[in-house]
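[1] quick one: sequence plus predicted model below, questions after.
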Amino acid sequence: MNPKVTMGARILFGLLCLIFGIDKFVPFLEVPPIPGDGGELMRIYAKSGFLKIIGALEILGGLALLTNKFIPLAVVVMMAIMFNALIIHLLYDPINSVGAIAGLIMGGVLIFSKKERFSSLLSA
């Protein structure tokens, strides 16, 4: 895969993770509330501190991606978070699922570009 595409995906994915991670500690993004049960779920996550844990993982993963260190570990953790974000958005707030979809695409590009590093995870 083209190294410039890989580097672009890594940097954009790292920035996405870093920004959304920091936002969980210092809210600065205008995030519309999720209606209904999804909003209640997010309130429970926020009240319990679960979102702070996710935010810390996003910050660490974003920094790892931006510094080009521990890329396979960072991608695996970030893809799990993005997958869960996508599921929550698709179930409760499909209009705002673009960020999670973009994150999954960028993570997929990184996995494909380093497929030899992930081969043991993907073997039966």
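    The structure has been received and is ready for your questions. Numbers count the residues shown, from 1 in each chain.
[2] state the mean pLDDT of the helix or strand hosting residue 18.
    Residue 18 belongs to helix 3-23 when assigned by DSSP states H and E. Across helix 3-23, the average pLDDT comes to 96.
[3] elements contacting it?
    Applying 3 or more Cβ pairs under 8 Å, 6 or more residues apart in numbering; DSSP states H and E, one finds that helix 3-23 makes contact with helix 50-67, helix 71-92, helix 98-113. Heads up, the C-betas are built off the backbone N, CA and C, glycines and all.
[4] the last one to helix 50-67, inter-axis angle?
    Just to be clear, that refers to helix 98-113. Between helix 98-113 and helix 50-67, the angle formed by their directions is 40 degrees, by axes from the mean of the first three to the mean of the last three Cα atoms, to 10 degrees.
[5] how close does residue 48 get to residue 60?
    20 Å (Cβ to Cβ, to the nearest Å).
[6] these two: which has the busier surroundings?
    residue 60 (18 against 10; other Cβ atoms under 10 Å).
[7] got the contact list for the more buried one?
    21, 74, 77 (Cβ atoms under 8 Å, 6 or more residues apart in numbering).
[8] how about the helix or strand bottoming out on mean pLDDT in the chain as PDB, C-alpha atoms only?
    When each helix and strand of the chain is scored by mean pLDDT, DSSP states H and E, helix 115-122 comes last, with a mean of 83. Only the C-alpha atoms of helix 115-122 are listed here, as PDB (Å, rounded to 0.1, in the frame of the first residue of the first chain):
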ATOM      1  CA  LYS A 115      -1.400  -7.100   7.500                       C
ATOM      2  CA  GLU A 116       1.800  -9.200   8.200                       C
ATOM      3  CA  ARG A 117       1.800  -7.800  11.700                       C
ATOM      4  CA  PHE A 118      -1.900  -8.900  12.200                       C
ATOM      5  CA  SER A 119      -1.700 -12.300  10.500                       C
ATOM      6  CA  SER A 120      -1.400 -14.200  13.800                       C
ATOM      7  CA  LEU A 121      -4.600 -12.500  15.100                       C
ATOM      8  CA  LEU A 122      -6.400 -13.300  11.900                       C
END
